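Peer 1: My questions concern the predicted model and sequence given below.
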Amino acid sequence: MSAEKMLPQIIKNMGVKLLLDKAHVPGIRFFETYRKEGGYQAVEKALKQMDPASIVEEVKKSGVRGRGGAGFPAGMKWSFIAKPEGVPRHLVCNADESEPGTFKDRYLMEFLPHLLIEGLIISSFALGSNDTYIYIRGEYAWIVDILEQAIDEAKAAGFLGKNILGTGFDCNIYVQRGAGAYICGEETALIESLEGKRGNPRIKPPFPAIEGLWKRPTVVNNVETLAAVVPIINMGGDEYAKIGVGRSTGTKLISACGNINKPGVYEIEMTLSVEEFLYSDEYCGGIANGKRLKACIPGGSSVPILPANLLLKTAKGETRLMNYESLSDGGFATGSMMGSGGFIVLDEDQCIVKNTYTLARFYRHESCGQCSPCREGTGWMEKILKNIDTGKGKMSDIDLLWDIQRKIEGNTICPLGDAAAWPVAAAIRHFRDEFEWHVNHPEEAQKRNYGLAHYADPIHVPA
Amino acid sequence: MSEQTLFKVTIDNITIEVPAGTTILNAARKIGGDVAPPAMCYYSKLEGSGGKCRTCLVEVSKGSEKDPRPMPKLVASCRTTVMDGMEVKNITSDRVIDARNGVVEFLLINHPLDCPVCDQAGECHLQDLSYEHGKAGTRYEFQRRTFKKHDLGDKIQLHMTRCILCYRCVFTADQLTGKREHGVLDRGDHAEIATYIEKNLDNEFIGNVIDVCPVGALTDKTFRFKNRVWFLKPVDAHRDCPTCSGKVTLWNRGDEVYRVTARKDQWGEVEDWICNTCRFDKKQTSDWVIEGPRLIDRHSVIAQGHYAGTVGTHKPTETFEAVHAGRQPKLLMDIHSISEVNQTNITLSKLDRPAHSTDFNHNKD
């Protein structure tokens, strides 16, 4: 068979790729190759043929939702930006990818830095930002060099700096390193940190779109969101919106990790089922070492964990798809969230109590300490979970944990409180008997695992 | 003056008109009484304060006349401005009471509860808050948090274990003194107020951090262990001070001035900031022109005599075990490691007279 006939088959299997389609071209990291592969055409189109308002309109039409975790429509966010006379506006790229289980932005920036730069130039033009910042987490030290090299190349080619492509639009991109704090991924804490202050989240309102960086109107977007602006401009918002389903448009990068055969970053269409993503050889390739699936955290460590029987099918018995709506189907009672796309898989040998303890320890460590429920509650939860995990727990501790998470959730300044509460809540909701087993069999729990138990049993669907 | 736009807001079924831009908390304070939410971190005179302690959370059951949707989450009333036609529930909302009880519990789990040896006792907002919202027992069964001690000089005593991280002192130092020398170090539940490099706080207005501190974390070293506040008689006095307004409250016992503080309003907020000289160095009655007794809202649980009729008259019926659901008493914290009082190297029984504060004074390190 000729290669041409093979092509549709491959596309069908792999799905449409908009971001990673050129990821495997050798040298794509560098300007020359990227340009040769059709790079920076979107910048030419946007800056020469379109005005800022129509770019915002295209992004709105595309329906692209914030890829950092919250899933807020990006076009809508852009349209909120205040435009007071004589006040500079800023675009800030949130590259503080710190959510455990999430490493998609790292992949994008490391291998396709020019895709991000291109997206940033177009977005800066649309928002009127002449000074645009990339706030990158401190641990991504080597990526700073990659980005700065890409910025220099783009500048040398006339895509950055003064009077870009003769359009009169000036834009500079600066890379700012964080010091390694999870909280600085929250947009207002990020802004504080970028201003050189302690990275404490601000109290909202005012929202950054009104008063952000140096009290100027600011838009903060995730790396993947900004990279997605490039295909949106190239193909048009309407075409982009045709990919995917419902309000989950376009493609999404998923960073898959845990007990799977093929961990890595995958670009998926949001019509893909969780089952196919998990078991097909194109993606995760099934559970590693022939084990069985026990649980999965489908959207980064903050989102509720799901047992196997609720992951592949919803409580209504429908096939669960890898998109915003389907993953959250059933609310927190039986669903989870798309989050940042950090797909963490746990096999039958994993202990949910230990996993929850590990997450609680993380959030305790990363709480900024500004507001009382989060500062005190995260530490308290960690201590109780440690007790249960090490066989010192009491039955009443489980209810206590539930009560603590309930009093943190929704009562804090920023979403870190919710992010700390949700994993604990979901673990107790779905795996309460494993917690009880730990309490009732403190010695046995130190030696062996609770195992898969009934967590993969099909659930009864009421007709 | 041009006419201000007035917004109608209903808090706990009481309607009031306030200028646009007023926060829910300040609107509630205008109504007064129990409708005003407690505030541990908000301070009207400090820009940027508020929003952190979460004790002032309220439920907005109707956003405004134009957009009547309720707000999904409880909001910090100190940082949320009123809208026209807004309806707010404070003490009439079970959600609010539940959340507030939760916040108070969070604030107390690592608090040493060393009120018997704390100079703030009797005028401590956390004490009042705990009395109103706290439970008799704790569900926290772990070692309480301790910190490495920081010496802030001979005027201001820092007890980090009592701190609730309201940030008021940080804002005070930022906005009142020429130079800020202390701030918040670290993060999460080990965040602390400290000077980065061991350093005295000696800016001329820095003493005001003592007055803004809602708990006993920052107290007056010159008054330390000298007397309980409820034994002292507050009088308003002034002096001709070249630095500040000189308007203070003296806390006397007999003719002796035990301490000098700024004058505080009914919400416990300072009316006029005072300088360090007035606060720490003018402890003679002759330094001052006495104006008359200061009317203090004796908000404190101790001052209100809630314990009268119980303490000393009959044995409490609730034992520790009853309050703690059958749990035996357990030492969660050694008081010596917190408050440096009653150092174990002092054998009180060997004194041939009643112990006096001077007996404990040689523990300045």
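Peer 2: Okay, I see it.
Peer 1: quick one: contacts for whichever residue of the stretch 51-200 of chain A sits closest to chain B?
Peer 2: Proximity of the stretch 51-200 of chain A to chain B (C-beta to the nearest C-beta) peaks at residue A:198, 6.7 Å away. No exception for glycine: its C-beta is placed from N, CA and C like everyone else's. The contact partners of residue A:198, taken as C-beta atoms under 8 Å, 6 or more residues apart in numbering or on different chains, are A:192, B:183, B:184.
Peer 1: can you do 10 Å?
Peer 2: Residue A:198 is in contact with A:181, A:183, A:189, A:192, A:368, A:370, B:170, B:183, B:184, B:185, B:187, B:191, counting by C-beta atoms under 10 Å, 6 or more residues apart in numbering or on different chains.
Peer 1: Over to the closest residue to residue A:458 other than its chain neighbours. Which of the three states is it?
Peer 2: Leaving out its chain neighbours, the residue that sits closest to residue A:458 by C-beta to C-beta, 6 or more residues apart in numbering or on different chains is residue A:309, at 6.2 Å. What DSSP: H, G, I helix; E, B strand; the rest coil gives for residue A:309 is helix.
Peer 1: any low-confidence regions in chain B?
Peer 2: B:1-3, B:197-198, B:297-317, B:331-346, B:360-365 (pLDDT under 70).
Peer 1: Next, name the residue at the spatial heart of it.
Peer 2: residue B:214 (1.6 Å; C-alpha atoms, centre = their mean).
Peer 1: can you give me phi and psi for that one?
Peer 2: Dihedral pair for residue B:214: phi -80, psi -10, per degrees, to the nearest 10.
Peer 1: OK, contacts around the nearest residue to it once chain neighbours are set aside?
Peer 2: Spatial nearest neighbour of residue B:214, excluding adjacent residues (C-beta to C-beta, 6+ apart): residue B:125 at 4.1 Å. In this structure, residue B:125 makes contact with B:38-40, B:53, B:55, B:164, B:166, B:213-215, B:267-268, B:299-300, judged by C-beta under 10 Å, 6+ apart.
Peer 1: Compare these and tell me which is most surrounded.
Peer 2: The member of the contacts of residue B:125 surrounded by the most neighbours (other C-beta atoms under 10 Å in any protein chain shown) is residue B:53, with 31 neighbours in all.
Peer 1: what about the longest helix in chain B?
Peer 2: helix B:94-109 (DSSP state H).
Peer 1: Only the buried residues of that helix, if you could.
Peer 2: For helix B:94-109, the neighbour count (16 or more other C-beta atoms under 10 Å in any protein chain shown) marks B:96, B:99, B:100, B:102, B:103, B:104, B:105, B:106, B:107, B:108, B:109 as buried.
Peer 1: one step back: do you know how far the residue nearest to the centre of chain B is from residue B:38?
Peer 2: 10 Å (C-beta to C-beta, to the nearest Å).
Peer 1: Now the common contact residues for the two.
Peer 2: Common contacts of residue B:214 and residue B:38, defined by C-beta under 10 Å, 6+ apart, comprise B:53, B:55, B:125, B:126, B:128, B:129.
Peer 1: out of those residues, what pair is the most spread apart?
Peer 2: B:53 and B:128 (13.6 Å; C-beta to C-beta).
Peer 1: which residues are in contact with both of those two?
Peer 2: Joint contacts of residue B:53 and residue B:128 (C-beta under 10 Å, 6+ apart) are B:38, B:214.
Peer 1: Alright, calling it a day.
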